[in-house]
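S.K.: Model the following, please.
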Amino acid sequence: MVRGVLGDGAQSKAFWIKWCPEADPRALEQSIRHMHWWEMRYPQLARFVPKLIDYWRDENALLIEGVEGVPVGQLLSQDAPELPTAIQAVARWHYEYSQIGDVDVTELDTLLGSEVHRTPEGALHVRADRLIESRIALASEAAYQLSLAGCKAARQWSDRYDISRAVSYFSTDVPAGFVHGDFKPDNVLVNGATFSVIDWWTAPRVSWPLCDVAVFAANLWMDPRRDAADAVWQNFVHARFPDGIDAYAQYGIDILATMTCIQYLANRCSKARPIDRVYCKKALDRLLTRRYPIGRVVSPA
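M.R.: Predicted structure coming up:
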């Protein structure tokens, strides 16, 4: 990421240049249209996402409005009294963001996953069992790669679940919504009590919003600053589920977050650095022997 300023004085404008070497060029081209669409239809939501200024197809790069803020991950080690308020605001933003997946997105050429379908009434729904099955396949491959790298216990990742029963548990269609895809704490920049969501620039995509919540939970669960990370999670989840979280969502977060952790560890272990191997083995041991599900919700006192 390159940061800079366009212009001088009062007319200056901060910018970032982000290279996306593995991005689909078509997705980069769509990004500007997506942002304009969001600004027109959902201005209150769009204002929390840095604006796209331009893109360079040949370089697979985006020119993005620069925003102020500190990643949530950095704030876990700091005295940040307004962090709970900001996290609750992020959660409410995501709740609204995820509720609007039944709109007509055809004008955006948005690619829907194979698990998404439109009901006879016109609403977009997700076949949650298909999505879980596809994630299981990805996690199983990641666990195999981890085992080849010396983390033999990774093959036991699914022993915590009855996989066939887990898939059937999610056999009911769930409402689709817009998803970020990599909704982790470090992609949320906090500035006082407000925030900006970054790495959103090829959105919107339509899928199961619970996947976003699970990614957020998984990243906090893997953070070694346990108390601070758990405080962020509790503030997030209570605001994200204003009517309370049911067993279905709780179980979905746990299994999706577990698979997210397995894939993260496989990617990290692939770097083949001794420090990464040591970290992965310790994190894997904690993942396999944990007492509570990832994303456990503690009722407010």
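S.K.: so residue 187 makes contact with residue 180?
M.R.: Yes - with contacts counted by Cβ atoms under 8 Å, residue 187 reaches residue 180, the gap being 7.4 Å. C-beta coordinates here come from the backbone N, C-alpha and C atoms, glycine included.
S.K.: Now do the shared contacts for those two.
M.R.: When Cβ atoms under 8 Å, 6 or more residues apart in numbering defines a contact, the residues bordering residue 187 and residue 180 alike are 197, 199, 200.
S.K.: If you rank these by neighbours, which is first?
M.R.: residue 200 (25 neighbours; other Cβ atoms under 10 Å).
S.K.: Could you list the low-pLDDT ranges of the stretch 151-300 of the chain?
M.R.: Confidence mapping of the stretch 151-300 of the chain against pLDDT under 70 gives the ranges 202-204, 300.
S.K.: May I have the secondary structure class of the spatially closest residue to residue 221 that is not a sequence neighbour?
M.R.: With sequence-adjacent residues excluded and distances taken as Cβ to Cβ, 6 or more residues apart in numbering, residue 221 is closest to residue 294, at 4.7 Å. At residue 294, secondary structure determined by DSSP: H, G, I helix; E, B strand; the rest coil is coil.
S.K.: residues contacting residue 294?
M.R.: 214, 217, 218, 221, 253, 254, 257, 258, 261.
S.K.: Could you list the domains of the protein?
M.R.: Following automatic domain parsing, one finds the domains of the chain at 1-67, 68-289.
S.K.: Provide the backbone phi and psi angles at the residue lying closest to residue 13 once chain neighbours are set aside.
M.R.: Leaving aside its sequence neighbours, residue 13 sits nearest to residue 6 (Cβ to Cβ, 6+ apart; 4.6 Å). Backbone torsions of residue 6, given as degrees, to the nearest 10, read phi -100, psi 130.
S.K.: list the contacts for residue 6?
M.R.: The neighbours of residue 6, taking Cβ under 8 Å, 6+ apart as the test, are 12, 13, 14, 15.
S.K.: Of those residues, which is the most crowded?
M.R.: Per-residue neighbour counts (other Cβ under 10 Å) across these peak at residue 15, which has 17 neighbours.
S.K.: could I get the helix or strand harbouring it in CSV with only the CA atoms?
M.R.: In this assignment (DSSP states H and E), residue 15 forms part of strand 13-19. The C-alpha trace of strand 13-19 is given here as CSV (Å, rounded to 0.1, in the frame of the first residue of the first chain):
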residue,chain,number,x,y,z
LYS,A,13,-6.8,15.0,-0.9
ALA,A,14,-5.2,11.9,0.8
PHE,A,15,-5.0,8.8,-1.3
TRP,A,16,-3.8,5.2,-1.2
ILE,A,17,-2.6,3.0,-4.0
LYS,A,18,-3.3,-0.7,-3.5
TRP,A,19,-1.9,-3.3,-5.8
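S.K.: What is the nearest of the contacts of residue 6 to residue 35?
M.R.: Nearest to residue 35 out of these is residue 15 (Cβ to Cβ; 14.5 Å).
S.K.: Please report phi then psi for the closest residue to that closest one other than its chain neighbours.
M.R.: Residue nearest to residue 15 in three dimensions, not counting chain neighbours: residue 66, with 5.1 Å by Cβ to Cβ, 6+ apart. Dihedral pair for residue 66: phi -80, psi 140, per degrees, to the nearest 10.
S.K.: What score does residue 83 have for pLDDT?
M.R.: Note for residue 83: predicted pLDDT of 96.
S.K.: Now do the contacts for it.
M.R.: Residue 83 makes contacts with 72, 75, 190, 232, as judged by Cβ under 8 Å, 6+ apart.
S.K.: Mind checking which of the residues you listed land in helices?
M.R.: 72, 75, 232 (DSSP state H).
S.K.: those strands in the protein, which residues are they?
M.R.: Secondary structure of the chain, counting by DSSP state E: strands at 2-6, 13-19, 52-56, 61-65, 70-71, 116-118, 124-126, 174-175, 177-179, 188-191, 194-197, 205-207.
S.K.: And the contacts of the third one?
M.R.: Same thing as strand 52-56. Strand 52-56 has contacts (Cβ under 8 Å, 6+ apart) with 15, 28, 29, 31, 32, 35, 61, 62, 63, 64, 65, 201.
S.K.: Any buried residues in it, and which?
M.R.: 52, 53, 55 (16 or more other Cβ atoms under 10 Å).
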